[in-house]
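Asks: Build me a structure from this.
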Amino acid sequence: MLSIKQFLVASCLALILLAVTSIPLSGQQSSNYDPWLDYNEDGRINASDLSSLAQAYGAEGEPVKNVTVVGHSTKLLRAAVNVTLSPQSSWDSGLIWMDGYAKVSILISVIPSESNRLMVYVHDYTGLSGFSWILEQINNVGTYWIKTYDVMNQQIRINMSNTSAGSSCILNVDIYLMA
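Replies: Residues are numbered from 1 along each chain as shown. Okay, here's the model as predicted:
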């Protein structure tokens, strides 16, 4: 007959084996994991994903979701090419959607490089009421200006003004969206 000590040791070993076999190995996912349902992309489908779904319930839009197949997906937008800005005028890119991209690099060239003002805005429409703020404001950006921002699931808008009282300038804006 087993002693109480042997019974307790056997029970502990059985519980340890049961715990070890129920823990998935590193990198393993359960067979019903669907990354399209993991809204916050944390590797788990849980209550926070359900909360995001509940907040978005009934929303409408274009049924497209960017998917990164390779780790370094990039998209180029030519927002402005050889745009002439008359004195005291401005150019606005309109809203540029970042949906599915993590970073944006903005490349701007202005000739001549003085008497201008650049404003980069971020718009966030993830909730019921959207809001926006100025991400960057620069006077006289120089001939060439390049900057990268983290803007996951937001929108940006670029506004360039020619503050000169008497001369026009030529504007070029390239935008790289990066996964």
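
Asks: For this structure, which segments count as strands?
Replies: Counting by DSSP state E, the chain has these strands, from start to end: 74-85, 89-92, 96-97, 103-111, 116-124, 131-139, 144-150, 155-162, 169-178.

Asks: Just the CA trace of the second one, in PDB.
Replies: Same thing as strand 89-92. C-alpha atoms of strand 89-92 as PDB (Å, rounded to 0.1, in the frame of the first residue of the first chain):
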ATOM      1  CA  SER A  89      -0.300  80.700 -51.800                       C
ATOM      2  CA  SER A  90      -0.200  77.200 -50.400                       C
ATOM      3  CA  TRP A  91      -0.500  73.500 -51.400                       C
ATOM      4  CA  ASP A  92      -2.300  70.900 -49.400                       C
END
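
Asks: elements contacting that strand?
Replies: When contacts are defined as 3 or more Cβ pairs under 8 Å, 6 or more residues apart in numbering; DSSP states H and E, strand 89-92 sits against strand 74-85, strand 155-162. Where C-beta positions appear, they are placed from N, C-alpha and C, glycine not excepted.

Asks: Using CSV, write down the CA coordinates of stretch 118-127.
Replies: Extracted in CSV, the C-alpha atoms of stretch 118-127 (Å, rounded to 0.1, in the frame of the first residue of the first chain):
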residue,chain,number,x,y,z
LEU,A,118,5.8,73.4,-43.9
MET,A,119,3.1,71.9,-41.7
VAL,A,120,2.5,68.2,-41.2
TYR,A,121,-0.8,67.2,-39.5
VAL,A,122,-1.8,63.8,-38.1
HIS,A,123,-5.5,62.8,-38.1
ASP,A,124,-6.8,60.0,-36.0
TYR,A,125,-10.3,58.7,-36.8
THR,A,126,-10.2,55.5,-34.8
GLY,A,127,-13.0,56.5,-32.4
